[in-house]
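**Student:** I would like the atomic coordinates for the input below:
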Amino acid sequence: MNVLLGIPGIIYYWMLSLVVLSDPLTTWGREAKDFYEAHSIFPAEVVLGPPLAIGTIIWVLSNVNLIYRRKHTGACQKTSGKFLHWAMALVASLIPTVVYLALAAFF
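**Tutor:** So this is what the prediction gives:
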């Protein structure tokens, strides 16, 4: 399930990398920023914010549901089992992006 939820994440990782590469992180802390400039971060926040938040909420809720189901079967009784589940869920959701980047490196 986390691998399938990671497929739309390819788009967000790509768009976030474009934002970071086009505007250095040192300029994000400026006090006065013109939001109508072409190189402003404001349009990227408007475009990326809501869909990324919705996708993250769906990912978290689906993993909470999986932990709840595993807890009833006895697989996630310890706290370390929950931490392991979240770590594996994060890695599994990054698999489509890594595969896509590997394929893009060859072509």
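**Student:** alpha carbons only for contacts and neighbour counts from here, please
**Tutor:** Noted.
**Student:** And the next helix or strand past the worst-scoring helix or strand of the chain on mean pLDDT?
**Tutor:** When the helices and strands of the chain are compared on mean pLDDT, DSSP states H and E, helix 9-22 comes out lowest with a mean of 75. The first helix or strand that comes after helix 9-22 along the chain, using DSSP states H and E, is helix 42-73.
**Student:** And the next helix or strand past that next one?
**Tutor:** Moving toward the C-terminus from helix 42-73, the next helix or strand (DSSP H and E) is helix 79-106.
**Student:** Which residues are in contact with Leu94?
**Tutor:** 3, 6, 9 (CA atoms under 8 Å, 6 or more residues apart in numbering).
**Student:** Can you tell me which of those has the most neighbours?
**Tutor:** The most neighbours of any of the contacts of Leu94, using other CA atoms under 10 Å, belong to Gly6, which has 22 neighbours.
**Student:** Could you measure from it over to His72?
**Tutor:** Distance of Gly6 to His72, computed by CA to CA, to the nearest Å: 26 Å.
**Student:** Then Phe83?
**Tutor:** Relative to His72, Phe83 is positioned 17 Å away (CA to CA).
**Student:** Next: Ile95.
**Tutor:** Between Ile95 and His72 the distance is 28 Å, computed by CA to CA.
**Student:** the more surrounded of the two?
**Tutor:** The residue with the greater number of neighbours, taking Ile95 and His72 and applying other CA under 10 Å, is Ile95; the counts read 18 against 10.
**Student:** what residues are up against that one?
**Tutor:** For Ile95, the contact set (CA under 8 Å, 6+ apart) comprises 3, 6.
**Student:** so what pLDDT did it get?
**Tutor:** What the model reports as pLDDT for Ile95 is 92.
**Student:** for the one 4 residues further on, same thing?
**Tutor:** On pLDDT, Val99 comes in at 90.
**Student:** Any idea how many residues pack against it?
**Tutor:** Neighbour count for Val99, taken as other CA under 10 Å: 12.
**Student:** What is the burial count for Tyr12?
**Tutor:** Other residues within reach of Tyr12, judged by other CA under 10 Å, total 18.
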